[in-house]
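Q: Need the 3D shape of this:
(chains A and B)
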Amino acid sequence: MIPELGHFALIVALLLALTQGILPIVGAHRGNAAFMAVARPAAQAQFAFVALAFGCLAYAFLTNDFSVENVARNSFSQLPEIYRFTATWGSHEGSLLLWALILGVWTTAVTVFSKHLPDDMAARVIGVMGLISSGFLAFLLATSNPFLRLVPAAAEGNDMNPLLQDPGMVVHPPMLYMGYVGFSVAFAFAIAALLSGKLDAAWARWSRPWTTVAWTFLTVGIALGSWWAYYELGWGGWWFWDPTENASFMPWLAGTALIHSLAVTEKRGAFKSWTVLLAIAAFSLSLLGTFLVRSGVLSSVHAFATDPARGVFILGFLGVVIGGSLLLYAWRAPRLMAGGPFTWFSRESLLLANNVLLIAAMGSVLLGTLYPLFIDALNMGKISVGPPYFNAVFVPLITPALFLVGIGPLARWKQASLPALAQRLKWAFVVALATAALLPLTLKGFSFTASLGLFLVLWIVFTVAIGFADRVQHGEGGLGARLKALPRAFWGMQLAHFGLAVAVCGATVVSHFQADRDVRMNIGDYVELAGYRFTFQGATPVPGPNYQAMRGRVEVSRGGQKQFVLEPEKRSYNASGMPMTEAAIHYNLLRDVYVSLGEPLANGAWSVRVYYKPFVDWLWLGGLFLALGGVLAASDRRYRIALKKAAPPAPATAAGGAKA
Amino acid sequence: MKSRHKKLLAIGLAVAGLAIVAALVLNAFQSNLVFFFSPSQVAAGEAPSGRAFRIGGLVEAGSLRREADGLTVHFVVTDTAKTIPVTYKGILPDLFKEGKGTVAEGTLGADGVFTATQVLAKHDENYMPPEAAHALEQAQKAQKTVVPQ
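A: Just a heads-up that it's a prediction; the model follows:
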């Protein structure tokens, strides 16, 4: 009964989403207040029904209802309860339902925090989100019903892919989806602005915190995914330029450009049409990412069984969303007024350069990701584009963008003086350059890329410090009081830029100074790596809840002193018989020591892989700082004041907008 | 700055950016694209020598042999029509198994042995790498017989 209830709830949700999508937009166009008033209740009710459907599916998973095909294919009775719950979004159908649920969360948030918006704007924004939701719910019902029954019911489930049986599964997909789907709010704001023809600084101010929050979630989602891959896949990599990673990285790059462009639109009223285009691009790339990852076009842990009907539906949906919004853009954008003037060297022009670089980098990733698919679709053979391509293209494009991070925040709006800025930054530049050139020499010999990376890190850190020094130079009270008085938006920006430096530092150091070895180890054998001695003490069988493991014991010592013991495992899962490597890692901010088991060899020996990973944790620490920066920026005082003032908007704007 | 100049600046920046990207991409494509060849194509001499490429197919049952160092392995990849002997030094992915699909990247030696630098991991047991599936399909078409699998 419960699965049928879930199915029914989905159908009701689709009808509500259509109502939410059509009536408010028509109402806003005609100035019909009653139609516009439908937006909020319809959106909230829609969310309630999607949540009910999601709850029903989760219930089926938790109670091991193997009469539901989705449960039978993706779960297993011995699976620990938490993974039975996460299995709800472990399948194609369930992950789409999660998508719809999170869209509901965002829409409901918009209904609550949009009281200060003009009625027609709020109606249009919620309406556009209703249309997106309709598309996804229709897709679910038409091609990917998660509640299909299995007749006769299966006695036992197929198991969840062991790689997904990990705490990462609890947080990574919801975080990533919060980011992907969050860009739908920025998108809806952009479409609403195009529909109404009112695209001004106020629009940018409304749209900004939403965009920043979505970007923050996406940042966390990507960082978590990277960390998960690092400890779970057992070979110590943190970024593979895998198409599924690229699928989340492209919206991130576009979203980063969007955040910066929105800043210009809010402060200076410039770049309006470019900002709208970026909002469309960020959400379109999120949709493309969902499509690439979930349709089975790409082969990876994220892909599920391929079904042509699904591919056609998503492709059609993508076509409607991207094509439709670009058409609207082409029709409406020429009416946008140009913003405030600026000179060739100003914060605006620097941010424009940042945008061009970010979008160029995004484009190169897009090309490398899609090119093999095109070639395959055209039957011109099979090719793959690997990390060397992405490194060769991405690094040169992102390097100048990172350099600009040091200059942009210090340049003045409208017109900055290059000589004055050069004067202020010359010491930062010289010290960063000298340190970066000499430091690798003392460690491992000169390497251009290592020096380049370190230079950018130091450059950003120094300029962030200069930025703070500038802001606290004048003012009342002591240093602490002055720092406290700085707006959160400023803190957020500086923290995010600092986080970027931390992440770049991690990437640079681990890429150049890591060490690894594959070795055959008999019991009692040792291997030395980067000053550490790894002694293999054999492997013993250990039973797990739903797997059997061989647990190795590796003692790690340094300079004759025993440091710690690592216990990597090789597991075999009961349901599927699928083997899996569980690496053992000793974390430390300065270096990780990482051991994973290969295969059992004769006489208790194993092939073992040992890694020394200096500074690798800085990558995710940097991601954390980036996200914290996002939180601070989104919670800036001026947005909170806007919410508090949630008074009825000036009637002139509402009426003017409705007629446009 | 006048708005016309601003527009020109924006267009100029965009064009310069595009040109740089195009140059970088073309350059990187030229040296970093990895092509895929099935064992039959390799046997027909279609694969390049001295350049890395990918092969795929099934790991022939009973072909996996390990050297005394425990790390160097030899196996045979087949598309059921032709075979290629492969050597690889390193730890194989968890789901590497005889009789199952695999994809390997490396170079072909003059002796016809493929030296793999990378054997690709699969994430799911039932999953067949598309390249490997493609190779089998092509071979089966060529043979016009149904090969049990």
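
Q: so who does residue 22 touch?
A: Unless you meant another one, I'm taking chain A. By Cβ atoms under 8 Å, 6 or more residues apart in numbering or on different chains, A:Ile22 lies in contact with A:Gly127, A:Gly130, A:Leu131. Bear in mind the C-beta positions are built from the backbone N, C-alpha and C, glycine included.

Q: nope, chain B
A: B:Ala22 touches nothing, counting by Cβ under 8 Å, 6+ apart.

Q: Please identify the helix or strand for it.
A: Following DSSP states H and E, one finds B:Ala22 within helix B:3-32.

Q: same thing with A:Ile191?
A: For A:Ile191, the element it lies in under DSSP H and E is helix A:167-196.

Q: any idea how far whichever helix or strand comes after that helix is from the chain center?
A: Scanning forward in sequence from helix A:167-196 by DSSP H and E, the next helix or strand is helix A:201-232. Put simply, helix A:201-232 sits 5 Å off its chain's centre (Cα atoms, centre = their mean, to the nearest Å).

Q: distance of A:Pro579 from A:Arg520?
A: 19 Å (Cβ to Cβ, to the nearest Å).

Q: I'd like to know how far B:Ala132 sits from A:Ala100.
A: With Cβ to Cβ as the criterion, B:Ala132 and A:Ala100 are 35 Å apart.

Q: Pull up the per-residue confidence for A:Val86.
A: To be clear, residue A:86 is Thr; Val isn't right here. The model reports A:Thr86 with a pLDDT of 93.

Q: no no, B:Arg54
A: According to the prediction, B:Arg54 has pLDDT 89.

Q: do the same with B:Gln143
A: With respect to pLDDT, B:Gln143 scores 63.

Q: Among the contacts of A:Ile22, which lie within helices?
A: The helices, defined by DSSP state H, take in A:Gly127, A:Gly130, A:Leu131 from the contacts of A:Ile22.

Q: Measure how buried A:Ser417 is and give me the count.
A: Counted with other Cβ atoms under 10 Å in any protein chain shown, the neighbours of A:Ser417 add up to 14.

Q: no wait, A:Gly538
A: A count of nearby residues for A:Gly538, using other Cβ under 10 Å, gives 16.

Q: residues in contact with it?
A: Applying Cβ under 8 Å, 6+ apart, we find A:Gly538 in contact with A:Ile523, A:Gly552, A:Arg553, A:Gly604.

Q: Skipping its backbone neighbours, what lies nearest the residue of chain A found nearest chain B in space?
A: When distances are taken as Cβ to the nearest Cβ, chain A reaches nearest to chain B at A:Arg520, 3.1 Å away. Residue nearest to A:Arg520 in three dimensions, not counting chain neighbours: B:Gly70, with 3.1 Å by Cβ to Cβ, 6 or more residues apart in numbering or on different chains.

Q: What's the local residue count around the residue nearest to B:Val119 when sequence neighbours are not counted?
A: Leaving aside its sequence neighbours, B:Val119 sits nearest to B:Ala104 (Cβ to Cβ, 6+ apart; 4.9 Å). Using other Cβ under 10 Å, the number of residues around B:Ala104 comes to 25.

Q: Where does pLDDT dip in the stretch 551-660 of chain A?
A: Applying pLDDT under 70 to the stretch 551-660 of chain A picks out residues A:642-660.

Q: Give me every residue in it lying close to chain B.
A: Applying Cβ under 8 Å from any Cβ of the partner chain, one finds that the stretch 551-660 of chain A approaches chain B through A:Ser576, A:Gly577, A:Met578, A:Pro579, A:Met580, A:Thr581, A:Gly598, A:Glu599, A:Leu601, A:Ala605, A:Ser607, A:Arg609.

Q: Could you check which helix or strand contains the fifth one?
A: Yep, that's A:Met580 we're talking about. Judged by DSSP H and E, A:Met580 forms part of strand A:579-582.

Q: center of chain A, which residue is that?
A: A:Leu218 (2.6 Å; Cα atoms, centre = their mean).

Q: wait, isn't that one in contact with A:Ala247?
A: No. Assessed by Cβ atoms under 8 Å, A:Leu218 is found out of contact with A:Ala247, at 11.5 Å.

Q: Please list all residues in contact with the residue of chain A closest to chain B.
A: Under the criterion of Cβ under 8 Å, 6+ apart, the neighbours of A:Arg520 are A:Leu601, A:Ala605, A:Trp606, A:Ser607, A:Val608, B:Asp69, B:Gly70, B:Leu71.
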